[in-house]
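S.K.: dropping a prediction and its sequence here:
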Amino acid sequence: MRFVPLHFATPTVFIKQSSCDGKFFIIFSFKVPFVEDGNSFLQAYVPIVEKRKDLSYTEANRTWQEIRRGRYVEFNLVHDKGTLFGLKTNGRIESILMSLPPHVQWVYDHHPETGSEEEKLLKILAKPVDWV
């Protein structure tokens, strides 16, 4: 997959009228060339799915997945600018929440088992790699 720097993105401006109070909002969107090319996505994603589709998983794997999804929900509701914009401008709450995963868990101060695949993943995520 080819990544394109943000300065190559094409800005698009939308003007949206709120149905509640008639106020207008300006929404900025960026169209990035590789995102619009669905074939690039399929070429990258399908081999991953084919390779991993028959892997078995345990209840512990599922629990870990739900804990990580909980972190995604936390980010989305607290930090994501698009979600915050929707919540602060009388967006349709049901539509906003429908984008969240249906099964999540929140575990206070969760630490995976020492030496587990989950612990290895967290160590990798703690030191991001600049791939570009």
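M.R.: Happy to help now that I have it.

S.K.: shaky segments in the chain?
M.R.: 1-39 (pLDDT under 70).

S.K.: pull out the buried positions in stretch 86-103.
M.R.: By 16 or more other C-beta atoms under 10 Å, the buried positions in stretch 86-103 come out as 86, 91, 96. Yep, even glycine has a C-beta here, placed from its N, CA and C like the rest.

S.K.: what's the biggest helix in the chain, counting residues?
M.R.: The longest helix of the chain (DSSP state H) is helix 59-78.

S.K.: other SSEs contacting it?
M.R.: helix 81-88 (3 or more C-beta pairs under 8 Å, 6 or more residues apart in numbering; DSSP states H and E).

S.K.: and the angle from the helix it packs on to helix 59-78?
M.R.: Inter-element angle recorded for helix 81-88 and helix 59-78: 60 degrees (by axes from the mean of the first three to the mean of the last three C-alpha atoms, to 10 degrees).

S.K.: which SSE is immediately downstream of helix 81-88?
M.R.: Remark: after helix 81-88, the chain's next helix or strand is helix 93-98, criterion DSSP states H and E.

S.K.: CA-only coordinates of that next one in PDB, if you can.
M.R.: Output in PDB follows, covering the C-alpha atoms of helix 93-98 (Å, rounded to 0.1, in the frame of the first residue of the first chain):
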ATOM      1  CA  ILE A  93     -26.400  10.500  19.300                       C
ATOM      2  CA  GLU A  94     -27.600   7.100  18.000                       C
ATOM      3  CA  SER A  95     -25.600   7.500  14.700                       C
ATOM      4  CA  ILE A  96     -22.500   8.500  16.600                       C
ATOM      5  CA  LEU A  97     -22.700   5.600  19.000                       C
ATOM      6  CA  MET A  98     -23.500   3.100  16.200                       C
END
